[in-house]
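**Student:** Everything below, folded, please.
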Amino acid sequence: MSILIDDHTTVLVQGITGREGSARARFMLDYGTRVVCGVTPGRGGSTVWGLPVYDTVRDAIDAQGPVDASVTFVPAPQVRDAAFEAISAGIGLVLVPAERVPLHDSLEIVTFARQQGAIVIGPGSMGVLSAEKAALGWLGGSEDNARRVFRPGPVGVASRSGGGTSTVVWNLTQAGLGITTAVHLGSEQVLGLSLPEILPLFERDDETKAVALFCEIGTVAEEEAAEVIRQGGFTKPATAFIAGKALPSGIRFSHASAMVEKGRGSAESKVKAFLDAGVHVVDQPHEMVSVLKRLLKGEDVS
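**Tutor:** Numbers count the residues shown, from 1 in each chain. Just a heads-up that it's a prediction; the model follows:
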């Protein structure tokens, strides 16, 4: 099994005729993802990599039938319209790779998605990859790299950092573990799918035996995730790393969302919340591997 996507997931690429949309569609196809078509206004009737291109998402669905997921490879100012179009057409999973999406647009997208029962990943997400099943976005970079590094195994991975996501996966593969699904949640101030929301998805996945979380200072997502664990919404072994511990309050770190304000979202508060919930917090990302190996064997980690 996996979460969010698998080898049966059908995918539509909005902006497929652009440079990024075309290149990433090729990667997803090469990895085995069931990309069925693309959408670019005014380019209907053309093809990209043998895939039909339509003028609108509704045209695509009328021709192809229901589609499970869309990737919006469009510039930030156009993301709101693209996401609304996909969700309005009944697509239940929308990945938004663009960064610097206007804040009010992100708020509207997330609100509309929740109203419609859809899931938005991002903005600012490199994507989702379920090992040897499907890739959404460009997490993994190339087919060769994705197959070499994102090896199947028992660990679910989630992070607000794209580089952090890949780092954790690489360490797991080097140690002979591997992953079920890796998810880059996104790097913007307002995100769709959040850390506390993804944990129950991993909980319900039988193949995920533990999770590794690459976290950052800023926002209260980690504290909320810890609350999910304390309330029994996630019961499997978990380990976490918190990046940006040394930064003082008010200094932006790495991403727009990684800023500590008046003590909220600090490394200290995140570490305490996780420890109180039974999550094993490490000082360096590579240390998650040894912790997970012991946890998966049922050994005590203190």
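**Student:** Touching the helix or strand where residue 120 lies from outside, list them.
**Tutor:** With the criterion set as DSSP states H and E, the secondary-structure element containing residue 120 is strand 119-121. Outside of strand 119-121, the residues that reach it under the criterion CB atoms under 8 Å, 6 or more residues apart in numbering are 4, 83, 92-96, 109-110, 113, 127-128, 136, 183-186, 191-193. The C-beta positions use only the backbone N, C-alpha and C, and glycine is treated the same way.
**Student:** among those residues, which are in strands?
**Tutor:** The strands, defined by DSSP state E, take in 93, 94, 95, 127, 128, 136, 183, 184 from these.
**Student:** Against residue 219, how distant is the fourth one?
**Tutor:** Residue 127 sits 21 Å away from residue 219, going by CB to CB, to the nearest Å.
**Student:** Confirm residue 207 sits in a helix?
**Tutor:** No: secondary structure assignment places residue 207 outside any helix; it is coil (DSSP: H, G, I helix; E, B strand; the rest coil).
**Student:** out of everything not next to it in sequence, what's closest to residue 117?
**Tutor:** By the measure of CB to CB, 6 or more residues apart in numbering, the closest residue to residue 117 outside its immediate chain neighbours is residue 92, 7.1 Å from it.
**Student:** contacting residues around the one you found?
**Tutor:** Listed by CB under 8 Å, 6+ apart, the contact partners of residue 92 are 68, 69, 117, 118, 119.
**Student:** Give me the buried entries from those residues.
**Tutor:** Among the contacts of residue 92, those buried by neighbour count (16 or more other CB atoms under 10 Å) are 68, 69, 118, 119.
**Student:** give me phi/psi at the third one?
**Tutor:** The one in question is residue 118. Backbone dihedrals for residue 118, given as degrees, to the nearest 10, come out at phi -100, psi 160.
**Student:** Tell me the spacing between it and residue 174.
**Tutor:** With the distance defined as CB to CB, residue 118 ends up 36 Å from residue 174.
**Student:** Give me the buried positions along the lowest-mean-pLDDT helix or strand in the chain.
**Tutor:** Scoring the helices and strands of the chain by mean pLDDT, DSSP states H and E places helix 267-277 at the bottom, with a mean of 93. Of the residues in helix 267-277, those buried by neighbour count under the rule 16+ other CB under 10 Å are 267, 269, 270, 271, 273, 274, 277.
**Student:** could you dump those to CSV with distance to residue 160?
**Tutor:** As requested, the buried residues of helix 267-277 are arranged in CSV below (distance: CB to CB, whole Å):
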residue, distance to residue 160
267, 14
269, 16
270, 12
271, 16
273, 16
274, 15
277, 18
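**Student:** how about the helices in the protein?
**Tutor:** Counting by DSSP state H, the chain forms helices over residues 19-31, 57-64, 79-88, 103-116, 143-149, 162-174, 195-204, 221-230, 267-277, 287-296, given from the N-terminal end onward.
**Student:** Just the mean pLDDT for the fourth one, thanks.
**Tutor:** The reference is to helix 103-116. For helix 103-116, mean pLDDT is 98.
**Student:** Run through the neighbouring helices and strands of that helix.
**Tutor:** Contact partners of helix 103-116 among helices and strands, from 3 or more CB pairs under 8 Å, 6 or more residues apart in numbering; DSSP states H and E: helix 79-88, strand 119-121.
**Student:** orientation of the first one relative to helix 103-116 in degrees?
**Tutor:** The directions of helix 79-88 and helix 103-116 differ by 10 degrees, with axes from the mean of the first three to the mean of the last three CA atoms, to 10 degrees as the criterion.
**Student:** residues in contact with the residue nearest to residue 7 when sequence neighbours are not counted?
**Tutor:** Counting by CB to CB, 6+ apart, residue 133 is the residue found nearest to residue 7 once chain neighbours are left out, at 4.4 Å. Contacts were defined as CB under 8 Å, 6+ apart; by that measure residue 133 touches 2, 5, 6, 7, 32.
**Student:** quick one, what contacts the first one?
**Tutor:** For residue 2, the set of contacting residues under the criterion of CB under 8 Å, 6+ apart consists of 130, 131, 133, 134, 180, 181, 205, 207.
**Student:** quick one: which of those sit in strands?
**Tutor:** Within the contacts of residue 2, residues falling in strands by DSSP E are 130, 134, 180, 181.
**Student:** tell me the domain boundaries of this structure?
**Tutor:** When the chain is parsed into structural domains using automatic domain parsing, the resulting residue ranges are 10-121, 151-296.
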